[in-house]
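Asker: fold the following.
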Amino acid sequence: MNILILCTGNSCRSQIAEGLFRKHLGKGHNVYSAGIEARGVNPNAIKTMAAIGIDISNHTSDTIENLPQVEYDYVITVCDNAKERCPILPGNHKSLHHSFPDPASAKGTEEEVAAIFASVRDEIDEYVREFVEGLN
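Answerer: Numbers count the residues shown, from 1 in each chain. This next block holds a predicted model:
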């Protein structure tokens, strides 16, 4: 199965979702993430995933044009902007959308920002778990 997760900048939500999908789906599935633009992987996204034992420090921030040309089974947008601006991708895939809050816009102390990232991560984790359970 090939899954593509799209967000605006491919820096937080899509990176977190990619790591969680890889964990919950296991081997034998290809999970990609991309953005309408590439803004780099947010260091706080890396930290919030490391806190639950998932290493996304080697992920890259990519645009759709930089991804392998594969037939996707699912294309999932994780923010409203990506849903509205996503180009039409060829192939017979199922398009899904769930808008998650953008943790990159979090303000406050380091602890407050970390709590916001963890909250969004946990919300994405719940969505991914339900998606994977629905496959079985």
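
Asker: show me the shaky parts of the protein.
Answerer: Applying pLDDT under 70 to the chain picks out residues 81-90.

Asker: and the helix ranked longest in it, how far out from the chain's middle?
Answerer: The longest helix of the chain (DSSP state H) is helix 110-135. In terms of C-alpha atoms, centre = their mean, to the nearest Å, the centre of helix 110-135 is set 10 Å apart from its chain centre.

Asker: output the contacting helices and strands for it.
Answerer: helix 13-25, helix 43-50 (3 or more C-beta pairs under 8 Å, 6 or more residues apart in numbering; DSSP states H and E). (C-beta placed from N, C-alpha, C; glycine too.)

Asker: the shortest one packs against which elements?
Answerer: For helix 43-50, the packing partners by 3+ C-beta pairs under 8 Å, 6+ apart come out as helix 13-25, helix 110-135.

Asker: CA-only coordinates of that helix in CSV, if you can.
Answerer: Taking C-alpha atoms only, helix 43-50 is exported to CSV below (Å, rounded to 0.1, in the frame of the first residue of the first chain):
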residue,chain,number,x,y,z
PRO,A,43,12.7,20.7,15.3
ASN,A,44,9.7,20.5,17.7
ALA,A,45,8.1,17.9,15.5
ILE,A,46,11.3,15.8,15.8
LYS,A,47,11.3,16.3,19.6
THR,A,48,7.6,15.4,20.1
MET,A,49,8.0,12.2,18.1
ALA,A,50,11.3,11.3,19.9
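
Asker: okay then, goodbye and thanks.
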